[in-house]
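J.: Pasting the sequence and the predicted coordinates here, then a few questions.
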Amino acid sequence: MDALIEKLKGQIIEQLNLAEVKPEEINPDSPLFGEGLGLDSIDALELIVLLEKHYGIKIEDPKDGKTIFQSVRTMAEYIKSQGKS
Amino acid sequence: MKHITSYAHIKHRRLTANGSLIFDGSSSGSLPEFLTDAYRAQGMSYPKYHKMDTLCKLGMLCMEAAVKESGMLTEYPLDKIAIVLANAASSMDTDRVHQASISDKAAYFPSPAVFVYTLPNIVIGEIAIKYKITGENAFFVSECFDAGLLLNYLEALFHGETQAAVCGWVEADGDAAEAFIFLVEKSNKSSNFKPLNQEAITELYNQ
Amino acid sequence: MSQRIYITGLGVISAIGNNVPETLASLTQSKTGIGKIHHLTTRYKDEFLAGEIKLSNEQLADLVNDHNPDLNRNSYIAMLAAKEAVQNSGIDTADGLRTGVISSTTVAGMGKTELYYKELFEKDDHLSVLDTHDCGDSTERIADFLGNVDYVTTISTACSSAANAIMLGCRMIKNGLLDRAVVGGVDALSKFTFNGFNTLMILDKEWSKPFDENRKGLNLGEAAAFLVIEGEEALKKRNGKALAEIVGYANTNDAYHQTASSPEGYGAQMAIEQALQMSGLKPGDIDYINMHGTGTPNNDLSEGTATRAVFGDKVPRFSSTKAFTGHTLAAAAAIEAVISVLSIQNDMIFPNLNFTTPIAGLDLVPETSLVKTPVNTVLSNSFGFGGNCSSLIFKKVSA
């Protein structure tokens, strides 16, 4: 799980162009949206693309992102639950 | 009486404001490097900047440089400040990126963050968001820099509610990148400022 | 100096008709133009519905009577709608008065360019296609087609583009720079737009349901729509007939997000209020609102909230006509201006199709069937990506 979390951090930084953020600055349990990294709705859509591109997981309803993208850990858990890690 | 109270340029990877050099990236590096270095040179802290496309970055850099030396944002109500920009290539630079991603059948992953920049007026939106400007806004697509077009529109705006304006030309097309932003105020500041007219706009653009 | 501005001609081609009479017939019969995709080649052909114009490019070329292989769908439909508007108004561009053409588009010639996108890198057989790609191309073609045009420009502010083209035309006439103008917008469907809107996940796979609690997104459409607007002096000079007057307009920036509207609809509210202020009308004077109403969760909530803020518990009769035409992007404000004038001319309010349940907390109920009632004033909203918000107000010409 920890390896997946670390991998995800790098992929998130790359996919979202978080040029001023370093992987170690992302707490896997902090909220991704709102405060935290200050992500917005377009970033949420980019995370959906990330899941499809790197893990072959398709999300049809953007509303599902709300629970999946709470934190890096919830993302990792979701990927595991889909058997795609 | 309306005056041009501040202006900034990006030309040949040099960022200048009111004639003074702010950052020179002309002798080294790529365009993306210039866009990052010029952002740092201005001491900007706006993480969203890094997600923008070239057109928006050019507009943001020039706007920051022009507005820094001006009191416009505090002297006028933000809903009375207009933004009028123009260019020739529309959002072509980013259109190509989006088009390439949807043409790639093997790796079909079009990006929403790219698609949102496939409209030229998003640069106006980004400026409006950063500086909280909510006045009128328009984006024109014309073959080349047209001082008359901008002047006409500014005159019409100032006949209405508009009291100040951010105006200019922002062009991104491959490696060609250029921006010129000037601020116009309906002020009583006679002094050293250039009165707004077609010659003044053309002269500043060509500087 | 500030003379009145009148609409004297209408022209439109969209999924619900190739001209104004066909459009009116579809609107009064509640006949949507949105259906399965026939003409556009896209991977989403069987997945999404669209508001396609029911003619192939060959048929359009026949209608325009120009088979220049480099012309694109955008130019064909723009020329057809502009021609209808000019004929409808009866103006003669060769009569010595100053005529402007102010158009708007977002995708321009993308529909054609993308067909050759890959080949362009390898060989230059199709390079001339690129000459027609620019946003300004269809505008220039309209101007050439009409002849004797003194001023041409193209606006691109996303889905409010045509409203801003109409506003610019009004202002240029008021400031004495033109006597009249052909104003409007055009956007043909393209893979580019389909794929893009799909990444934003705001496309409904079924018919869009504007202002419905269970709305899922928009249907894309294509259209060209133009209006001839004239200053009262020019109109008097040629003894022309006015169809309606443009009495108010305003444009603001929502300053919230690249594509999403602010939840409180701040930019929309300001645009509506400023347009009302300019017109001298009170909120209670508006007979009908033609909403932007795209059917996306975000837009309709934001626009509905702004509407409540301006009109309180006395919201005028309203509808979104996008469930007829699809969202036609840069052409949307122009086609809705045409529909607003048709509403005034015929004293009819056209229905908001596919609506069943009001949005929780807003309780706004649009008209769901054709209403025959006196319509003297219409407010039309158009909001675009980039935070661009425009409102226009049209008024019946008093006899």
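T.: Right, received. Where do you want to start? Residues are numbered from 1 along each chain as shown, chains lettered A, B, ... in the order given.
J.: Who is C:T99 paired with across the strands?
T.: Taking DSSP bridges, one obtains C:R180 as the residues bridged to C:T99.
J.: For the longest helix along chain C, which residues meet the burial criterion?
T.: If you go by DSSP state H, chain C has its longest helix at helix C:73-89. By neighbour count on 16 or more other Cβ atoms under 10 Å in any protein chain shown, the buried set for helix C:73-89 is C:73-86, C:88-89. For glycine as for every other residue, the C-beta is placed from the backbone atoms N, C-alpha and C.
J.: the helices in the chain, which residues?
T.: Assuming you mean chain A. All helices of chain A, identified by DSSP H, fall at A:2-15, A:41-55, A:65-68, A:72-81.
J.: right idea, wrong chain: chain C
T.: Using DSSP H, helices in chain C cover C:20-28, C:57-64, C:73-89, C:110-113, C:117-122, C:127-131, C:137-146, C:161-174, C:191-199, C:232-238, C:266-279, C:297-311, C:322-325, C:332-346.
J.: residues touching the residue positioned nearest the centre of chain B, list them.
T.: Geometric centre of chain B, nearest residue: B:G59, 3.1 Å, by Cα atoms, centre = their mean. Contacts for B:G59 (Cβ atoms under 8 Å, 6 or more residues apart in numbering or on different chains) come out as B:L85, B:V123, B:I124, B:E126, B:I127, B:V170, B:A179, B:I181.
J.: Make a ChimeraX selection of the buried ones in those.
T.: A single ChimeraX command selects the buried members of the contacts of B:G59 (16+ other Cβ under 10 Å):
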select /B:85,123,124,126,127,170,179,181
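J.: rewinding a little: closest to chain A among the buried residues of helix C:73-89?
T.: Relative to chain A, the closest of the buried residues of helix C:73-89 is C:N74; by Cβ to the nearest Cβ it sits at 27.1 Å.
J.: Give me the residues contacting stretch C:279-291.
T.: C:210-211, C:247-248, C:276, C:303, C:307, C:310-312, C:314-321, C:336, C:339-340, C:343, C:349, C:352, C:366, C:373-381, C:393, C:395.
J.: Show me where the chain dips below the pLDDT cut-off.
T.: All of this is about chain A. A:85 (pLDDT under 70).
J.: oops, I was thinking of chain B
T.: Looking at chain B by pLDDT under 70, you get B:188-191.
J.: could you pull out the strands for it?
T.: Per DSSP state E, chain B carries strands over the ranges B:3-11, B:14-17, B:20-24, B:81-87, B:137-141, B:164-173, B:176-185, B:194-195.
J.: For burial, what's the neighbour tally of A:V21?
T.: 17 (other Cβ atoms under 10 Å in any protein chain shown).
J.: Could you report the neighbour count for the spatially closest residue to A:A44 that is not a sequence neighbour?
T.: Counting by Cβ to Cβ, 6 or more residues apart in numbering or on different chains, the nearest residue to A:A44 once its immediate chain neighbours are dropped is A:G65, at 4.8 Å. Neighbour count of A:G65, defined by other Cβ under 10 Å: 21.
J.: got it, and C:Q59?
T.: There are 14 residues near C:Q59, going by other Cβ under 10 Å.
J.: Strand B:81-87 and the longest helix along chain B, what's the angle between them?
T.: Selection of the longest helix in chain B by residue count, based on DSSP H, yields helix B:54-68. Here helix B:54-68 runs at an angle of 140 degrees relative to strand B:81-87 (axes from the mean of the first three to the mean of the last three Cα atoms, to 10 degrees).
J.: Format the CA atom coordinates belonging to helix B:54-68 as PDB.
T.: Presented in PDB, the C-alpha positions along helix B:54-68 are these (Å, rounded to 0.1, in the frame of the first residue of the first chain):
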ATOM      1  CA  THR B  54       1.100  29.400 -22.700                       C
ATOM      2  CA  LEU B  55      -1.400  32.000 -23.700                       C
ATOM      3  CA  CYS B  56      -2.700  32.500 -20.200                       C
ATOM      4  CA  LYS B  57       0.900  32.500 -18.800                       C
ATOM      5  CA  LEU B  58       1.900  35.300 -21.100                       C
ATOM      6  CA  GLY B  59      -1.200  37.300 -20.200                       C
ATOM      7  CA  MET B  60      -0.700  36.800 -16.500                       C
ATOM      8  CA  LEU B  61       3.000  37.700 -16.600                       C
ATOM      9  CA  CYS B  62       2.300  40.900 -18.500                       C
ATOM     10  CA  MET B  63      -0.700  41.800 -16.400                       C
ATOM     11  CA  GLU B  64       1.300  41.400 -13.200                       C
ATOM     12  CA  ALA B  65       4.100  43.600 -14.600                       C
ATOM     13  CA  ALA B  66       1.700  46.300 -15.800                       C
ATOM     14  CA  VAL B  67      -0.400  46.400 -12.700                       C
ATOM     15  CA  LYS B  68       2.500  46.300 -10.200                       C
END
